[in-house]
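**Student:** Fold the following.
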Amino acid sequence: MTTKKPRGFTPGQLTVHADPGELRAVTRTLRVAGRRIAFVATMGALHEGHRELIRHARLAKGASVTVVSIFVNPLQFAPGEDLQRYPRPLEADLEMCREEGVELVLTPGVEDMYPEGADTTVVPGPLGSELEGAVRPGHFAGVLTVVAKLFHLVGPDVAYFGEKDYQQLVLVKKMARDLDFPLDVVGVPTVREPDGLALSSRNAYLSEADRPRAAALQRALRAGASVSARGPQAVLDAAREVLDAEPALDVDYLELRDPDLRPDVQQGKARLLVAARLGTTRLIDNTTIQL
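**Tutor:** Numbering: from 1, shown residues only. Below is the predicted model:
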């Protein structure tokens, strides 16, 4: 007995859906047919970091369909942030998806994701107002709201998020657990450029002179990790010394926390996190520390 493929889906070929309802109908039919779905949520401007997420999705145990969303989510941008200038190279993004064997891409408009009168959001809890949340109020409510909507639309069995945005990863995992989403949320290690700079769509904003200065974030993380046997304060002091040596950096925070981002970690696994501004560009990075 053969299962008829749903309209809007061709195995081994890329199909793009702008209408979330159409995409939901396709994935619902695929799930009924027993196909496992792996999902990568993006804001587009895809780079090698996204490519790595897609490759993990394609290799997910038992997964047979890979879905990628491309949507610049206005809810996670604060006033004065770079929503309007955020890059949107859709054709290049679709070509990368095609190269990586993605079969379904969702490219909704703002009015599709947030119809008139839609004002319900996901409250991220206390962690949502710390670290990135303290600098960007409301950011994680916007992130979790769109991710929750995408989880409902796509219905994935597993979703992949990069560890570069580590606080986002922790909060998405917590939301999935707290709200009983029936899927696994998996973190993928940060992909870096040759100079150590974490890959980010915002790296395109850096001038040629700024790029070596930006790499100070990764040098600071490595310096902290190199003295982890000496304890938390030594880690922070070593990282801070590197950051202070680069006067062009305006540091928002440098913190050491446990893997769930609880403060006051003293031993075992931890995360060293940093955020800084270089001109008009804001950069974040983090690394695992073993205290």
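
**Student:** so where do the strands sit in this protein?
**Tutor:** 15-17, 36-42, 63-70, 104-106, 158-162, 184-188, 249-257, 269-278, 281-290 (DSSP state E).

**Student:** Mind checking the ones you listed for the one nearest to residue 217?
**Tutor:** Nearest of these to residue 217, taken as CB to CB: strand 281-290 at 4.5 Å. Every C-beta, even on glycine, is put in place using the N, C-alpha and C of the backbone.

**Student:** and the angle from the closest one to strand 269-278?
**Tutor:** Angle of strand 281-290 versus strand 269-278, following axes from the mean of the first three to the mean of the last three CA atoms, to 10 degrees, is 160 degrees.

**Student:** so what's residue 76 up against?
**Tutor:** For residue 76, the contacting residues are 138, 139, 140, 142, 143, 146, by CB atoms under 8 Å, 6 or more residues apart in numbering.

**Student:** what's near enough to touch the last one?
**Tutor:** Pointing back at residue 146 there. Counting by CB under 8 Å, 6+ apart, residue 146 makes contact with 41, 71, 73, 75, 76, 113.

**Student:** who wins for neighbours among those residues?
**Tutor:** Counting neighbours by other CB atoms under 10 Å, residue 41 leads the contacts of residue 146 with 23 neighbours.

**Student:** Surely that one is in contact with residue 156?
**Tutor:** No - with contact defined as CB atoms under 8 Å, residue 41 does not reach residue 156; the gap is 9.4 Å.

**Student:** Residue 196: which of the strands of the chain is closest?
**Tutor:** Closest among the strands of the chain, using CB to CB: strand 281-290, at 9.0 Å.

**Student:** Give the buried residues for the closest one.
**Tutor:** Residues of strand 281-290 classed as buried by neighbour count (16 or more other CB atoms under 10 Å): 281, 282, 283, 284, 285, 286, 287, 289.

**Student:** Does the fourth one have any beta-bridge partners, and if so which?
**Tutor:** The one in question is residue 284. residue 275 (DSSP bridges).

**Student:** Neighbours of the residue nearest to residue 245 when sequence neighbours are not counted, how many?
**Tutor:** Sequence neighbours aside, residue 216 is the residue nearest to residue 245 in space, at 7.4 Å (criterion: CB to CB, 6 or more residues apart in numbering). Using other CB under 10 Å, the number of residues around residue 216 comes to 25.

**Student:** how near is residue 216 to residue 125?
**Tutor:** Counting by CB to CB, to the nearest Å, the separation of residue 216 from residue 125 is 32 Å.

**Student:** so where's the stretch 1-150 of the chain uncertain?
**Tutor:** Where the stretch 1-150 of the chain drops to pLDDT under 70, the residues are 1-5.
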